[in-house]
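> fold the following and give me the result.
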Amino acid sequence: MQFKLRESVQRFLTYGVRGSAVRTQAGGAPPTDRKVPVDELVNVPEFEAMARLVLPSDRFDAFRAPARQSFDKMTFRQRLMVYAMDLDLTTELFGYEMFAPIIVGPVSGQNFLHDDGELETARGASRAKTVMVATRPSTEALSEVVNASNEPVWFQVYGNDDSVLDDATQAVEAGCPVVCVTIGVSENGIPVSTNWGVVERLSRSIDVPVVVKGIMNPSDVEVALQRGVQGVVVSNHGGTAPGGVLPIDVLAAVSDAVDGRVPVIVDGGFQRGTEILKGLALGAAAVMVARAPMWGLSAYGAVGVQTVLELLQTELARNMAASGRPKIDMIDRDLVRFDSR
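All right, here's what the predicted structure looks like:
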């Protein structure tokens, strides 16, 4: 599956992964009062406007873009005069070499966004060479979602659910190579206490990596690692923690607490390649995106999911090259500068 951006890097930076020229937004942004062809959209936020046109207001509100202030406070310290012809986004995670450090995060009830729901998301993610996280409840059998993708499909369970062990076992049998257990919230979005005993039993009961999703405090890292998890996801489940704290705000502290022992993943409203680069610089091995692919799914189905992901990949590649970090392992914390205002 490996696809390294070496010989034709200049073409990639000009045309992107979709192979067609990418126009600038100035003077060419699509109208927001009608749905336009998917290939006329030039960045991910434009997909939000298209989703607003096709979704009932209550469904759209659940996927509205969050506040951007945390990302806006960060700028880049560029490293000039760096050879960028060996640009390479590939990232190894849990023994699998991903095309880029981007993962489609779990979203339940996708049939409310598109008739074919998770199947279309799996198809779009697969075409963009992107790992997807499926979840329950799903309108489709998990095995069908797995079979719809040529990329790995992880599975999310909720730590407070009585069926967590059975669901995880069935997911592994269906071919899911990673299980992501969400803590701190139920599948209905209701805050719950974390049952670390369930996390530990899950880690001991299945033969694939268990990743815990919902870490927002560095003090939880040691507890999670003692329970046998093999990865952590910095996440507030799409909301805002007390004080307006977002996952990107605590990412560096959580990464420091992990200290390289397991991969750190982050979610939280990422919708531009620059934002993904900031997440990687602050210690994430990969970034989960959920709202943005759902905008694409709602308006265009699988091709919308694919296009959103390819736009993010292209933007990430351009900014890696412009910042003098053409390879993932060259991205470091020195890249990011915080605005004190």
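
> in this structure, what spans have low per-residue confidence?
In the predicted model, the chain carries pLDDT under 70 at residues 1-29, 81, 137-138, 238-243, 340-341.

> make it 50
Counting by pLDDT under 50, the low-confidence segments of the chain come to 1-9, 11, 20-27.

> now the strands for it?
74-76, 91-93, 96-98, 102-104, 131-135, 153-158, 179-182, 210-215, 231-234, 264-266, 286-289, 336-338 (DSSP state E).

> middle-most residue in this structure, spatially?
The residue lying closest to the centre of the chain (Cα atoms, centre = their mean) is M288, at 1.6 Å.

> re earlier: dump the strands of the chain to CSV, plus distance to E315.
(Glycine included, C-beta is placed from N, CA and C.) Supplementary listing: the strands of the chain in CSV, determined by distance: least, Cβ to Cβ, whole Å:
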stretch, distance to E315
strand 74-76, 13
strand 91-93, 16
strand 96-98, 17
strand 102-104, 11
strand 131-135, 19
strand 153-158, 24
strand 179-182, 25
strand 210-215, 25
strand 231-234, 21
strand 264-266, 17
strand 286-289, 12
strand 336-338, 16
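
> deepest of those strands, which one?
The highest mean neighbour count among the strands of the chain, using mean count of other Cβ atoms under 10 Å, belongs to strand 102-104: a mean of 29.

> so which other helices or strands are in contact with it?
In terms of contacts (3 or more Cβ pairs under 8 Å, 6 or more residues apart in numbering; DSSP states H and E), strand 102-104 is packed against strand 131-135, strand 286-289, helix 302-322.

> what's the angle between the first one and strand 210-215?
For strand 131-135 against strand 210-215, the angle by axes from the mean of the first three to the mean of the last three Cα atoms, to 10 degrees is 80 degrees.

> just checking, what packs against strand 131-135?
Here strand 131-135 touches strand 102-104, helix 117-127, helix 142-147, strand 153-158, going by 3+ Cβ pairs under 8 Å, 6+ apart.

> let's see 10 Å
For strand 131-135, the elements it packs on are strand 102-104, helix 117-127, helix 142-147, strand 153-158, helix 164-174, strand 179-182, strand 286-289, judged by 3 or more Cβ pairs under 10 Å, 6 or more residues apart in numbering; DSSP states H and E.

> check the longest one too.
In terms of contact count using 3+ Cβ pairs under 10 Å, 6+ apart, helix 302-322 is assigned the packing partners helix 9-15, helix 45-54, strand 102-104, helix 117-127, helix 273-281, strand 286-289, helix 291-300.

> got the buried residues for that helix?
Using 16 or more other Cβ atoms under 10 Å as the test for burial, helix 302-322 gives 302-322.

> circling back to that earlier point, as CSV, the helices and strands packed on strand 102-104 with distance to R333 would be great.
Listed next are the helices and strands packed on strand 102-104 as CSV, based on distance: least, Cβ to Cβ, whole Å:
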stretch, distance to R333
strand 131-135, 25
strand 286-289, 16
helix 302-322, 15
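
> coming back round to it: tell me which of the helices and strands packed on strand 131-135 sits nearest to V232.
strand 179-182 (10.2 Å; Cβ to Cβ).

> with that, I have no additional questions.
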